[in-house]
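Asker: Sequence first, then the predicted structure, then my questions.
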Amino acid sequence: AHIIERNGKIARLTEEYANDKRAFDLKIQQRNQEIAEFEKNYKNGDPTAISAYCSMVLSHSKYPSGFPQEFRVAYVPKPKELVVEYELPIKDIVPAVAEFKYAKTRDVIDEKPRKLSDIKELYQDVVAAICLRTLHELFEADPENYLDVIVFNGFVQTVDPATGKDIRPYLISIRTVKEKFNEI
């Protein structure tokens, strides 16, 4: 009786494994079909596929914590133009302290604040670097040459100190042609 019970359990586990494997194989097959369909649509110049591909390129960019990395893209096939709306970090991303010094005699760490002009300059460099990096990544990842022009609009989400309301001011807007961008 013990052997019959054991053999029955083995048969059930084997059947469960076979069912799980079939389901897993079906999921892989469906996923592969989706990828093949996406690749076909991209190669055929489908605007939705091109937008999705560009979104994937940007979503794989690695930035330090504190960088929002929220964006929207739209592709217009006739002028081969991609429009990118990109959320930038706020000015707080630049540390307000320039350096720390340990004062041994007092056993304290003194802070040296960063000048406001230095904060402004560093923040402008960060904004410009994000813009250039985004343009570069998109042009570089365009094997089918669907992008002749990219429009980059960088904005921040912040609070208007005068009204206390949420605002989205644009800090940078650039339109560049691939040929000219590649020269730099």
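Answerer: Received the coordinates, thanks. Numbers count the residues shown, from 1 in each chain.
Asker: all contacts plus neighbour counts: C-alpha atoms, from now on.
Answerer: Fine.
Asker: which stretches of this structure form helices?
Answerer: 2-43, 47-59, 116-140, 178-183 (DSSP state H).
Asker: any idea how far the closest residue to Glu144 other than its chain neighbours is from Ala1?
Answerer: Taking CA to CA, 6 or more residues apart in numbering, and ignoring the residues beside it in sequence, Glu144 has Lys43 as its nearest neighbour in space, at 7.2 Å. As for Lys43, its distance to Ala1 is 63 Å (criterion: CA to CA, to the nearest Å).
Asker: Next: Phe139.
Answerer: From Phe139 across to Ala1, the span is 70 Å (CA to CA).
Asker: higher neighbour count, these two?
Answerer: Between Phe139 and Ala1, counting by other CA atoms under 10 Å, Phe139 is the more crowded of the two (22 against 6).
Asker: Show the pLDDT at the more buried one.
Answerer: At Phe139 the predicted local distance difference test score is 97.
Asker: check contacts around it.
Answerer: With CA atoms under 8 Å, 6 or more residues apart in numbering as the criterion, the residues that contact Phe139 are Leu147, Lys178.
Asker: could the helices of the chain go into JSON lines alongside distance to Val76?
Answerer: Conversion of these to JSON lines gives the following (distance: least, CA to CA, whole Å):
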{"stretch": "helix 2-43", "distance to Val76": "14"}
{"stretch": "helix 47-59", "distance to Val76": "7"}
{"stretch": "helix 116-140", "distance to Val76": "15"}
{"stretch": "helix 178-183", "distance to Val76": "15"}
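Asker: Kindly compare burial across these and name the winner.
Answerer: Comparing the helices of the chain on average neighbours per residue, with mean count of other CA atoms under 10 Å, the densest one is helix 47-59 at a mean of 18.
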